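Trainee: pasting the sequence and the predicted coordinates here, then a few questions.
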Amino acid sequence: MIRVENLKKNYGNKEVLKGLDFFIETGEIFSLLGPNGAGKTTTIKILTGQLDPDAGSVQIMEKDVFSHRKFLCPRLGFMPEETNLYERLSVRENLKFFCRLYGVDFNRIEKYLSFVGMAAEADTPVKKLSRGMKQKVLLIRSLLHEPEVLFLDEPVSGLDPASAASIHRLLERLNNKGLTILLTSHDMEEVDRLSDRIAFLDEGEIAALDHPTSLKLNHSPGKLEVLLKVEGKIEKRTLEINSEKAADKIAGWMKEGRLGAVHSSEPTLAEIFVDITGSELK
Ligand SMILES: Nc1ncnc2c1ncn2[C@@H]1O[C@H](COP(=O)(O)OP(=O)(O)OP(=O)(O)O)[C@@H](O)[C@H]1O
């Protein structure tokens, strides 16, 4: 669906993208995870044809992004990082403006307002909406022309956990209907929950690219944490994950009825990011 090869971008002397390569399958949720300044927005702007690279190629649906804008524009949706809505206009007026721009019927507005649970806010001026609601209006705006690929730049940045979860559920529903999604984030919990695959972007380079589970398994310390009942108290024991001795011990504790809980100690994506890049995810 999306093929990026040797993508490079400089701002003055600063190398912001140093030769990115990745491929996104149709129907995937793919996340670019990286700290501030890693090059996420620059990448997404190039992929959506808003910015020209200095080198490299981007193909979407086997078409070059820079020479097939007319073909690709109706098929791509983009939700920007900043809330660039007309604050004094109502939600419906904001969306009507974009319906006209895309040449699509106004009845899609009601359809998508219902989809995000905001039918009652259609006539509310945007300036009176919460940040979470504004994000939903931005999401609708990026969907009005019913694209096949949706790009989202930090879709839940600055949102409270409930609003973020609500946006995530919407993205999952859209993805279940077949939408391919690329999002950028510096929130590892967000990408861990949502993504089929994650690329760690660090200083303009992809430091790792894999399924979240594979990343965790490959960086697992291979330990099990066991909570054990010992003389009326709970004690924590750490065991090697793949050892016969650990299996025997656990079996013994189970027979004695002393086993409280067993957890594998997987690293978080943030810990793996530090492990691979030496930088914090901020
Ligand atoms: N128009 C510009 N002119 C000069 N430098 C820029 C410009 N846009 C971005 N940069 C620089 O390029 C680097 C990458 O920026 P970019 O916005 O792509 O990072 P990001 O990973 O999206 O960061 P954030 O999470 O803070 O949005 C940063 O050092 C930024 O300061």
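Mentor: Thanks, I have it.
Trainee: state the pLDDT value of residue 215.
Mentor: On the pLDDT scale, residue 215 is placed at 92.
Trainee: any idea which element it lies in?
Mentor: helix 212-218 (DSSP states H and E).
Trainee: how far does that helix sit from the chain's center?
Mentor: 17 Å (C-alpha atoms, centre = their mean, to the nearest Å).
Trainee: quick one: buried residues of that helix?
Mentor: 212, 215-216 (16 or more other C-beta atoms under 10 Å). Quick note: C-beta positions are derived from backbone N, CA and C, even for glycine.
Trainee: which residues sit against the helix or strand just after it?
Mentor: Going down the chain from helix 212-218, the next helix or strand is strand 223-230, by DSSP H and E. Applying C-beta atoms under 8 Å, 6 or more residues apart in numbering, the contact partners of strand 223-230 are 234-241, 246, 250, 253, 257-265.
Trainee: 10 Å instead, please
Mentor: 234-243, 246-247, 249-250, 253, 256-266 (C-beta atoms under 10 Å, 6 or more residues apart in numbering).
Trainee: which of these are buried? Put it as a ChimeraX command.
Mentor: For the buried members of these, the matching ChimeraX selection, counting by 16+ other C-beta under 10 Å, is:
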select :239,246,249,250,253,259,262,266
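Trainee: before we move on, the earlier item: ok, so of the buried residues of helix 212-218, who is nearest residue 193?
Mentor: residue 212 (8.6 Å; C-beta to C-beta).
Trainee: which residue does the stretch 51-200 of the chain have closest to the ligand?
Mentor: Across the stretch 51-200 of the chain, no residue is closer to the ligand than residue 186, which sits at 5.4 Å (C-beta to the nearest ligand atom).
Trainee: please tell me how far that residue sits from residue 2.
Mentor: 21 Å (C-beta to C-beta, to the nearest Å).
Trainee: stretch 72-79 close to the ligand?
Mentor: No - with C-beta under 6 Å from any ligand atom as the criterion, the ligand is not reached by stretch 72-79; the gap is at least 13.9 Å.
Trainee: check what pLDDT residue 227 gets.
Mentor: So, for residue 227, pLDDT stands at 93.
Trainee: can you offset everything so residue one is 594?
Mentor: Shifting the count to begin at 594 puts that one at residue 820.
Trainee: picking that back up, mind listing which of the contacts of strand 816-823 are in strands?
Mentor: Of these, the ones assigned to strands by DSSP state E are 827-833, 852-857.
Trainee: okay, those in JSON lines with distance to residue 788 next?
Mentor: Converted to JSON lines, the ones in strands among the contacts of strand 816-823 look like this (distance: C-beta to C-beta, whole Å):
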{"residue": "827", "distance to residue 788": "35"}
{"residue": "828", "distance to residue 788": "37"}
{"residue": "829", "distance to residue 788": "31"}
{"residue": "830", "distance to residue 788": "33"}
{"residue": "831", "distance to residue 788": "29"}
{"residue": "832", "distance to residue 788": "31"}
{"residue": "833", "distance to residue 788": "30"}
{"residue": "852", "distance to residue 788": "34"}
{"residue": "853", "distance to residue 788": "33"}
{"residue": "854", "distance to residue 788": "28"}
{"residue": "855", "distance to residue 788": "27"}
{"residue": "856", "distance to residue 788": "23"}
{"residue": "857", "distance to residue 788": "21"}
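Trainee: go through these and name the one nearest the ligand.
Mentor: For those, the nearest to the ligand is residue 857 (31.2 Å; C-beta to the nearest ligand atom).
Trainee: hang on, the closest one packs against residue 831?
Mentor: No - using C-beta atoms under 10 Å, residue 857 is not in contact with residue 831; the gap is 11.0 Å.
Trainee: any common contacting residues for these two?
Mentor: By C-beta under 10 Å, 6+ apart, the residues touching both residue 857 and residue 831 are 814, 816-818.
Trainee: just the buried ones out of these, please.
Mentor: Buried, going by 16+ other C-beta under 10 Å: residue 817, out of these.
Trainee: which SSE is the residue nearest to residue 788 when sequence neighbours are not counted in?
Mentor: With C-beta to C-beta, 6 or more residues apart in numbering as the criterion, residue 788 has its nearest non-adjacent residue at 4.2 Å, and that residue is residue 624. Using DSSP H and E, residue 624 falls within strand 622-626.
Trainee: what does residue 872 give?
Mentor: Using DSSP H and E, no helix or strand contains residue 872.
Trainee: quick check: residue 695 vs residue 734, distance?
Mentor: Distance from residue 695 to residue 734, by C-beta to C-beta: 10 Å.
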